[in-house]
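A.B. asks: Here is a sequence with its predicted model. Questions after.
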Amino acid sequence: MTNQKLALNYTYVALLTAFICTGMIMDAEVLVLYVWVLFVGLAYSYGSAVVNTTIKSEAEKIGTGFDLFFETQKRAIKTLIHYHILQVLVISQIKALLMFSKEEIVKVILTKKRILENMLALQMDSKLSYLVAKEQMIEVYIQKTACNVITKKVYDIFLTENQDKKVLKERILTENMNKLEIIK
């Protein structure tokens, strides 16, 4: 930011010196050139800060979305570990029952084992499919929203040549902030 201000100050000094040196000529083309250089310097100085702020805020929102995604992934892994522990406990109980009396309860154990495996498989399948669907929806929504908002706002800022550019930038920033609050 200091380099930008220093460059802007040098631009002002150069323009002022050139204006004083050519003050006697007062050629319209020279004046237009001075005004154009001044406009480009001001646009760069003030426009880059707005763009940087917008990009940083969008990056933070995307980071929040990824944090949510990773948190969901952690919960899914914890659930899978929990089901694995349950499966290990069920298997150890089945082994204990088999050692107690294999011949008497072979049919009961096989039936219980099949029911538990089917139930665990169904529960794991349903939860995993639900998590996968949610993750995909979140990723698609975040990517579409971020891409659309960033692209549109950057184009709007740099393609407009309106004298009320400062008001337009403030309006765009306000709209972006409102949209980002809606995304939360």
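C.D. replies: On my side now, so go ahead.
A.B. asks: what about the chain, any weak spots by pLDDT?
C.D. replies: 1-4, 18-26, 97, 100, 102-105, 154, 156-166, 168-169, 184 (pLDDT under 70).
A.B. asks: Show me the helices in it, by range?
C.D. replies: 2-21, 28-100, 102-159, 165-183 (DSSP state H).
A.B. asks: for the protein, which residue is closest to the average position?
C.D. replies: Residue closest to the average C-alpha location in the chain (C-alpha atoms, centre = their mean): Ile62, at 1.2 Å.
A.B. asks: what sits against the closest residue to that one other than its chain neighbours?
C.D. replies: Nearest residue to Ile62, sequence neighbours excluded (C-beta to C-beta, 6 or more residues apart in numbering): Ala146, at 5.3 Å. C-beta coordinates here come from the backbone N, C-alpha and C atoms, glycine included. By C-beta atoms under 8 Å, 6 or more residues apart in numbering, the contact set of Ala146 is 58, 61-62.
A.B. asks: Could you do Ala7 as well?
C.D. replies: Ala7 neighbours (C-beta under 8 Å, 6+ apart): Gly41.
A.B. asks: gap between it and Arg114?
C.D. replies: 76 Å (C-beta to C-beta, to the nearest Å).
A.B. asks: what does Lys153 give?
C.D. replies: Taking C-beta to C-beta, one finds Lys153 at 58 Å from Arg114.
A.B. asks: The two: who's more crowded?
C.D. replies: Neighbours per residue, other C-beta atoms under 10 Å: of Lys153 and Arg114, the larger number sits with Lys153, 21 against 10.
A.B. asks: doesn't Thr174 make contact with the more buried one?
C.D. replies: No: counting by C-beta atoms under 8 Å, Lys153 does not reach Thr174; the two are 11.4 Å apart.
A.B. asks: Stretch 55-68: which residues count as buried?
C.D. replies: 58, 61-62, 65 (16 or more other C-beta atoms under 10 Å).
A.B. asks: Go ahead and measure how far it is from the middle of the chain.
C.D. replies: 4 Å (C-alpha atoms, centre = their mean, to the nearest Å).
A.B. asks: Stretch 91-99 now?
C.D. replies: The answer for stretch 91-99 is 50 Å, by C-alpha atoms, centre = their mean.
A.B. asks: now swap in stretch 134-142 and tell me
C.D. replies: In terms of C-alpha atoms, centre = their mean, the centre of stretch 134-142 is set 11 Å apart from its chain centre.
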